[in-house]
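*Asks:* sharing a model that was predicted from the sequence below.
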Amino acid sequence: MADDAIPETGADRTPQPETSSEELLEQIAGGDRTAFAQLYDRLSARVFGLVKRLLRDHSQSEEVTQEIFLEIWQGASNYDHTKGGAISWILTMTHRRAVDRIRASQASRDRDTRIGIRDWEPDVDVVSENVEVRVENERVKVALGRLTDLQRQAVVLAYYGGYSHREVSEMLHIPIGTVKTRLRDGMIRLRDEMGVTS
């Protein structure tokens, strides 16, 4: 197997005592395949879950998850524990990779769309539609501005950032129950500000 290939993981490994993710990254930086397998087993479902939440497409999510673990295998020596925990480092890398994939896919779709509609004249009033979208975006911004700072922070991370309740809890250093309360209160207030009736 080439040095830059991801080592295979298998179910027949003997259980090892719990090692911190930081220690596993340090061992991976030294080429320890067993440490990589442990880290993969520990975090692959979480990484895949975050990627899938952002990309929605199962196949692309699997590809990006593989790319992330290849990046961990090849770049574990870049991890600096003084700048944060191993899980945060991996989830930040995960979020960045998923967003990069979204941007690349969007750029490709935009390019295809530009080519496909070069000579097509729309029957709709594009100006009117654009104005409606801008007005709606403004309403959302104003409504978000009326939330408390704590509510807005939780809503933006969860709904615009794609983070789970647990990830928001870790990022804001608050209990998960507090995150859920802020999100619930923030969404109720947003609904009221936007004049949405249930």
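*Replies:* Good, I have the coordinates. Residues are numbered from 1 along each chain as shown.

*Asks:* now for the helix or strand harbouring Arg103, which elements pack on it?
*Replies:* Using DSSP states H and E, Arg103 sits in helix 86-116. Using 3 or more Cβ pairs under 8 Å, 6 or more residues apart in numbering; DSSP states H and E as the contact test, the elements touching helix 86-116 are helix 21-29, helix 33-55, helix 58-75, helix 165-172. No exception for glycine: its C-beta is placed from N, CA and C like everyone else's.

*Asks:* could I get those helices as JSON lines with mean neighbour count?
*Replies:* Written out in JSON lines, the entries for the helices and strands packed on helix 86-116 read as follows (neighbours: other Cβ atoms under 10 Å):
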{"stretch": "helix 21-29", "mean neighbour count": "19"}
{"stretch": "helix 33-55", "mean neighbour count": "19"}
{"stretch": "helix 58-75", "mean neighbour count": "17"}
{"stretch": "helix 165-172", "mean neighbour count": "18"}
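
*Asks:* return the set of buried residues in the helix or strand of the chain at the bottom of the mean pLDDT ranking.
*Replies:* Across the helices and strands of the chain, mean confidence by mean pLDDT, DSSP states H and E is lowest for helix 126-145: a mean of 73. Judged by neighbour count using 16 or more other Cβ atoms under 10 Å, the buried positions of helix 126-145 are 143-144.

*Asks:* so what secondary structure elements neighbour that helix?
*Replies:* With contacts defined as 3+ Cβ pairs under 8 Å, 6+ apart, the packing partners of helix 126-145 are helix 149-155, helix 176-194.

*Asks:* okay, the angle between that helix and helix 176-194?
*Replies:* When axes from the mean of the first three to the mean of the last three Cα atoms, to 10 degrees is applied, the directions of helix 126-145 and helix 176-194 differ by 130 degrees.

*Asks:* report the distance from helix 126-145 to the chain centre.
*Replies:* Chain-centre distance of helix 126-145: 26 Å, with Cα atoms, centre = their mean, to the nearest Å.

*Asks:* not counting its neighbours along the chain, what's nearest the residue nearest the centre of the chain?
*Replies:* With the centre of the chain defined as its mean C-alpha position, the nearest residue by Cα atoms, centre = their mean is His95, 3.6 Å away. Nearest non-adjacent residue to His95, counting by Cβ to Cβ, 6 or more residues apart in numbering: Leu50, 6.7 Å away.

*Asks:* likewise Arg166?
*Replies:* Setting aside the residues directly before and after it, Arg166 is nearest to Ile176 in space (Cβ to Cβ, 6+ apart), at 5.9 Å.

*Asks:* related to what we said a few turns ago, got the contact list for the residue nearest to the centre of the chain?
*Replies:* His95 makes contact with 50, 54, 161-163, according to Cβ atoms under 8 Å, 6 or more residues apart in numbering.

*Asks:* and those, which is closest to Glu23?
*Replies:* Closest to Glu23 out of the contacts of His95 is Leu50 (22.7 Å), distances taken as Cβ to Cβ.

*Asks:* quick one: which of the helices and strands packed on helix 86-116 is nearest Leu147?
*Replies:* The minimum distance between Leu147 and these falls on helix 165-172, with 14.7 Å, by Cβ to Cβ.
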